[in-house]
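A.B. asks: no sequence on this one, just coordinates:
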């Protein structure tokens, strides 16, 4: 028996309406109807009937709902026992793309944590599919996925199918990231043909629904790029960019402090018009915590700072 189904049933009884209950529960009406049907099939009883006054419980349904309310009340009581402990613990779990501006915002958030309280944080850099699965499996509260705008329909369809909420955080064009000592560092305008003589660094595990890994990798690279190194962590990319001066990488805009730290520069490319989106995702019933809000505020702050420099 699914506890969530019991919660759904109690809300339907309270509102006497599938439509109002679905809205209150932040879920779709088809999903709510399916959950009630599954609960009825599991118990072998009809819980609700439709009347001119709305949806009301059957006699057996009233018995089921009495037990359901009692079970949910007991769960609330158990949760309240540990609420005080949770108030003294700062918990934050998120999966993100390998994006330096996001990590920069995360670092700011961590620096502001209250050291008098316990801290438990999981910060996972990964591709979009793994970020989605981390939320569906219940291991992470938040996720940020990244995709090219041309693939948006695929991702939006997937998120809706999996009943995840989503909110666009940023739309941007990639920049070229390279060492200050790169042969092209002094060039005022750069195009993709200029990059053909140099080594491209790229992340090795992108994901797009319905496409093979080789097709996705091809979609993320320009035809002029024939020299590539695929990496899986940002640490390696910075080591390569800083120390091997004929490497470069397509990236989301970086904060100035990170560029200075690794002696790097970022440049617009005149014929690189691919648009990317970073999108926040979380479960339908997930409530953003104070720490989640603080992190998202830092992300927005860093975006504004970077945009004022790069896109002014």
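C.D. replies: Happy to help now that I have it. The model shown is predicted, which means the values in this text are computed figures rather than measured ones.
A.B. asks: pLDDT at the nearest residue to residue 45 once chain neighbours are set aside, what is it?
C.D. replies: Excluding the flanking residues, the one nearest residue 45 by CB to CB, 6 or more residues apart in numbering is residue 60, at 4.4 Å. (Each C-beta comes from the backbone N, C-alpha and C, glycine too.) Here, the pLDDT recorded for residue 60 equals 92.
A.B. asks: Can you get me a residue count around residue 60?
C.D. replies: 14 (other CB atoms under 10 Å).
A.B. asks: residues in contact with it?
C.D. replies: The contact partners of residue 60, by CB atoms under 8 Å, 6 or more residues apart in numbering, come to 45, 46, 47.
A.B. asks: now residue 102
C.D. replies: Counted by CB under 8 Å, 6+ apart, residue 102 has contacts 96, 144, 278, 299, 302.
A.B. asks: which strands and helices sit next to the host helix or strand of the third one?
C.D. replies: What that stands for is residue 278. Per DSSP states H and E: residue 278 is located in strand 275-283. Counting contacts by 3 or more CB pairs under 8 Å, 6 or more residues apart in numbering; DSSP states H and E, strand 275-283 packs against helix 128-136, strand 142-148, helix 152-161, strand 164-173.
A.B. asks: Sort out which residues of the stretch of helix or strand residue 9 belongs to are buried, please.
C.D. replies: In this assignment (DSSP H and E), residue 9 forms part of helix 3-15. By neighbour count with 16 or more other CB atoms under 10 Å, helix 3-15 contains the buried residues 5, 6, 7, 8, 9, 10, 11, 12, 13, 15.
A.B. asks: Test my guess that the fifth one contacts residue 66.
C.D. replies: By that I understand residue 9. No. Residue 9 lies out of contact with residue 66 (CB atoms under 8 Å); the separation is 11.2 Å.
A.B. asks: Which residues does stretch 48-57 contact?
C.D. replies: Taking CB under 8 Å, 6+ apart as the rule, stretch 48-57 contacts 9, 12, 13, 16, 17, 18, 36, 47, 58, 61, 64, 65.
A.B. asks: could you list every residue that touches the first one?
C.D. replies: Residue 9 makes contacts with 36, 39, 47, 48, 64, 65, 68, as judged by CB under 8 Å, 6+ apart.
A.B. asks: ok, how many other residues are close to the third one?
C.D. replies: So that's residue 47. 22.
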